[in-house]
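A.B. asks: Here's my sequence, what's the structure:
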Amino acid sequence: MSATYGYAFDEYGRPIIIIREQAAKERVKGIEAIKSHILSAKAVCNIMKTSLGPKGMDKMMISPDGDLTVTNDGATILDNMILENQIAKLLVQLSKSQDEEIGDGTTGVVVLAGALLEQAEGLIDKGLHPTRISEGYEAATQVAIAHLRNIADKIEFSSENLEPLITTAMTSLGSKIVNRFHRQMAEISVKAVMSVADLERKDVNLELIKLEGKEGGKLEDTMLINGILIDKGISHPQMATEIKDAKMCILSCAFEPPKTKTKGKIDIDSAKSFERLAEIEMSYFTDMVKKVKDTGANLVICQWGFDDEANHMLLQAKLPAVRWVGGLELEKIAIATGGRIVPRFDEVSAEKLGHAGMVREIGFGTTKDRYLLIEKCPNTKAVTVFVRGGNKMVVEEAKRSIHDAICVTRNLIRDNRIIYGGGSAEIAMSLAVSAAADKIPTVEQYAVRAFADALDAIPIALAENSGLAPIETLAQLKSGQLKENNPYLGVDCNLNGTNDMKKQRVFDPLVGKIQQILLANQVVKMILKIDDVIRMGGDE
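C.D. replies: Presented below is the predicted three-dimensional model:
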């Protein structure tokens, strides 16, 4: 009774029964709360750990609708997981931040954050306050990043010498589903980026690179198109499907008679009135087709649809047309062809037409799907990567992989400093942070040393996923780095016979690794500062 009821008395001695709201509030406080958060984060980290590196395993995600996604991309895995725990959701946001800022390293950042929290748990058990742990981690982060900049290398590339960029893109693609053809995919990714890059300003506009996919065919059939590919066909089967020296009118207005902005009503009281209405509609269509034809256009690309009547009139005027083209695709077509998007028919003119050497409709296999290929454009700063694959899952994963490689190449154009992969950078940082810990006289030295141990989680996971003895491999690499004074020794995941990542040509952009450490540290510090969780009941 006492668990559910309480008694109180008013000023006249009359009893008041107070009924507690059962399970209205759940509360976890202090060290218990922090340990609960660390447990949740470790659970997510352990799922991700097996997907790290070139020998990492894939995960199959099944949506509530039964849709399958097979991937080892960290951001995609976490995005598709249904998580109830709020701390686990913080790790999802961490992975998204890495994906949006850098585009690669999404698995590594979660594994590192999980390892930092695991080390923090041990320190809390020893009696260290979470704030002192956070301060130690912050000091260790600065030491690690400073050492990372010291051991970084620079790669020199130009529009004639793309090999260093291709090598780095191959490292990114090594752990993906496309790794059998990672040389070909890397070349496609690098050429796509170089087509749209402004090397003087060190800037790349990724919006000019379109990723399009179609199941059927083989992965090696993936190609780079110097132009635009849109998943729309010519609107009428009897229209020309191949147009040389295309002059295209790009319309963002509907190919139909104007409508009133407010609700309108037309009363038709006789057959003559109906015929008159039909004539007016026809005159609108005739006028629109004439305006376009008079500019010298031989192709119409329209953002909106048009009915069969307009389609028939365009056929009679020998004016091929494409309808329902998306706004983003319309912009890309305008950029590639040098045309202007026309919002009203009154503004159609010859100066606003886009030009292309060839526009043709292509089909694949026995399907009815048709694509429009716009080639030989005057402005080559718009390209399409057309991905093929055995099924939809493979195509989608290949698109994600190529996107990562494109992002890595963009990062190198912005900042050409690299560090070597295979966990070599983490081992070098771990040794530097561990050495720095011995010089700290306060209790923060324990947190700094724990940070060094957490950095070892990356090479250990790489070795584990490659079927090597993890602890033994790490011990050999640490000893080798110290003896030879060579910070480029890492885990030989592909068993090539050498641990020197410089000889194996396994590169990672420096900015990506720095971002990983900074983001993981920020999230861990935030989780360690939460010591009270109040969950309100559904009725409140």
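
A.B. asks: Quick check: closest non-adjacent residue to G422.
C.D. replies: Residue nearest to G422 in three dimensions, not counting chain neighbours: G490, with 2.6 Å by Cβ to Cβ, 6 or more residues apart in numbering. To be clear about C-beta, it is placed using only N, CA and C from the backbone, and glycine gets the same treatment.

A.B. asks: which residues does the one you found contact?
C.D. replies: By Cβ atoms under 8 Å, 6 or more residues apart in numbering, the contact set of G490 is 420-425, 427, 459, 462, 477, 499, 501, 506.

A.B. asks: Against K439, how distant is it?
C.D. replies: Counting by Cβ to Cβ, to the nearest Å, the gap from G490 to K439 is 27 Å.

A.B. asks: go on, T241?
C.D. replies: 73 Å.

A.B. asks: out of the two, which sits in the more crowded spot?
C.D. replies: Using other Cβ atoms under 10 Å as the criterion, T241 and K439 rank with T241 on top: 16 against 8.

A.B. asks: I'd say that one and M358 touch.
C.D. replies: No - using Cβ atoms under 8 Å, T241 is not in contact with M358, being 11.6 Å away.

A.B. asks: can you pull out the strands in the stretch 1-150 of the chain?
C.D. replies: Here the stretch 1-150 of the chain has its strands, by DSSP state E, counting those that start in this stretch, at 5-9, 15-19, 25-29, 59-62, 68-71.

A.B. asks: Please apply the same query to the stretch 351-500 of the chain.
C.D. replies: Assigned by DSSP E, counting those that start in this stretch, the stretch 351-500 of the chain shows strands spanning 354-363, 370-375, 383-389, 417-420.

A.B. asks: want to try TSV for those, with distance to D532 and mean pLDDT as columns?
C.D. replies: Converted to TSV, those look like this (distance: least, Cβ to Cβ, whole Å; pLDDT from 0 to 100):
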stretch	distance to D532	mean pLDDT
strand 354-363	61	87
strand 370-375	57	86
strand 383-389	49	88
strand 417-420	40	89
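
A.B. asks: would JSON lines of those with distance to G338 and mean neighbour count be doable?
C.D. replies: Supplementary listing: the strands of the stretch 351-500 of the chain in JSON lines, determined by distance: least, Cβ to Cβ, whole Å; neighbours: other Cβ atoms under 10 Å:
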{"stretch": "strand 354-363", "distance to G338": "6", "mean neighbour count": "19"}
{"stretch": "strand 370-375", "distance to G338": "12", "mean neighbour count": "20"}
{"stretch": "strand 383-389", "distance to G338": "15", "mean neighbour count": "23"}
{"stretch": "strand 417-420", "distance to G338": "37", "mean neighbour count": "23"}
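
A.B. asks: what's the closest of these to G122?
C.D. replies: For these, proximity to G122 was assessed by Cβ to Cβ; strand 417-420 is nearest, at 28.2 Å.

A.B. asks: Let's see the closest one as PDB, backbone CA atoms only.
C.D. replies: The C-alpha coordinates for strand 417-420 follow below in PDB (Å, rounded to 0.1, in the frame of the first residue of the first chain):
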ATOM      1  CA  ARG A 417      47.800  16.900 -47.400                       C
ATOM      2  CA  ILE A 418      47.400  13.200 -46.800                       C
ATOM      3  CA  ILE A 419      48.100  10.700 -44.000                       C
ATOM      4  CA  TYR A 420      48.600   7.000 -44.500                       C
END
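
A.B. asks: Which other helices and strands does that strand contact?
C.D. replies: In terms of contacts (3 or more Cβ pairs under 8 Å, 6 or more residues apart in numbering; DSSP states H and E), strand 417-420 is packed against helix 130-151, strand 153-154, strand 507-509, helix 510-528.

A.B. asks: quick one: which of those is nearest K89?
C.D. replies: For these, proximity to K89 was assessed by Cβ to Cβ; helix 510-528 is nearest, at 11.3 Å.

A.B. asks: All set, thanks.
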